[in-house]
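# coords please:
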Amino acid sequence: MAAADSPSAALRRRDLCSRGIRLAGKMRADVVDLLDAYVEQQGLDASASVAAVEGVPLAAVERWDEQTGTQRLLENLAAYRAFRALLAQMLEEQREQLGEADAGLGRALAAVLLQVSAFAYHLEELLRLESRGIPGEEGDGPPPPPRLSLFEQKLRGLGVLRELAQWAVRSGRDLRQLAKPSPANGAAPGLAESP
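Modelled structure (predicted):
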């Protein structure tokens with residue numbers, strides 16, 4: 001029996017998934033609060049339509065139910081690494097735009113950035129538990145965007161936060177799927193198995 005299939009590994013995986021679900025829920029709540037503050041601070045309309053933002057991974061996926069656990073974790077990890085870079089860039093732009101004028105928004109962005117980093121680490125732990133190689137960060141994250149106008153930066157930020165909120169929901173769903181016991185033996189399914 002492989003280490004990833006042992007009862008203790010199954011319990012550890014289930015524990016990591018449970019904690020990840022809670023982290024994703026907390027992150028989503030904080031992102032929604034940040035989104036409200038961001039819209040107000042930036043003077044944007046909350047219902048503004050934002051086209052797909054370059055470098056922002058989309059949470060929507062076709063055939064979600066056909067993905068393996070490993071695919072789910074790898075997509076989540078790539079997304080949160082991209083969000084980490086995007087949020088760091090937003091934080092820097094926020095500091096340049098407002099300086100200390102709205103330190104509250106900067107602190108909220110920094111807190112969400114910290115949660116995104118912690119969640120990415122959590123996903124890496126799940127991959128390590130399964131003895132899966134963790135992909136390097138080369139090529140992860142968006143390329144540096146061209147210099148955008150202030151308004152374009154605001155819209156990009158809105159798109160980033162909206163999609164991050166959607167990823168938090170998807171991550172919770174993905175981790176719930178991974179934590180489900182396998183009907184055959186009552187153990188949590190292996191990450192390479194289809195749900």
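
# in the host helix or strand of Glu75, what's buried?
Using DSSP states H and E, Glu75 maps to helix 69-98. Neighbour-count burial for helix 69-98 flags 69-91, 93-94 (criterion: 16 or more other C-beta atoms under 10 Å). C-betas here are computed from N, CA, C, even on glycine.

# How far does it sit from its chain's centre?
How far helix 69-98 lies from its chain's middle: 7 Å, per C-alpha atoms, centre = their mean, to the nearest Å.

# what packs against that helix?
Packed against helix 69-98 by the contact rule (3 or more C-beta pairs under 8 Å, 6 or more residues apart in numbering; DSSP states H and E) you find helix 103-129, helix 150-179.

# and among those helices, the most buried is which?
helix 150-179 (a mean of 20; mean count of other C-beta atoms under 10 Å).

# quick one, that helix and helix 69-98 angle?
150 degrees (axes from the mean of the first three to the mean of the last three C-alpha atoms, to 10 degrees).

# what about stretch 125-133, average pLDDT?
Taken as a whole, stretch 125-133 has a mean pLDDT of 80.

# before we move on, what about stretch 44-53?
pLDDT averaged over stretch 44-53 gives 80.

# try stretch 14-30
Mean predicted confidence for stretch 14-30 is 96.

# just stretch 94-109 next, same as before
The model assigns stretch 94-109 a mean pLDDT of 79.

# which outside residues touch that stretch?
Stretch 94-109 is contacted by residues 30, 33-34, 37-38, 41, 87, 90-91, 150, 153 when judged by C-beta atoms under 8 Å, 6 or more residues apart in numbering.

# and of the residues you listed, the nearest to His122?
Asp30 (15.5 Å; C-beta to C-beta).

# Assess the claim that that closest one and Leu114 are in contact.
No - using C-beta atoms under 8 Å, Asp30 is not in contact with Leu114, being 10.1 Å away.

# Buried residues, the top helix by length along the chain. List them.
Identified as the longest helix of the chain according to DSSP state H is helix 7-42. By neighbour count on 16+ other C-beta under 10 Å, the buried set for helix 7-42 is 9-10, 12-14, 16-17, 20-21, 23-24, 27-28, 30-31, 34-35, 37-39, 41-42.

# Point out the other helices and strands that that helix packs with.
Using 3+ C-beta pairs under 8 Å, 6+ apart, helix 7-42 sits against helix 103-129, helix 150-179.

# Quick one, grab the pLDDT at the most centrally placed residue in the chain.
Nearest to the mean C-alpha position of the chain, counting by C-alpha atoms, centre = their mean, stands Tyr80 at 3.9 Å. Looking at Tyr80, its pLDDT stands at 97.
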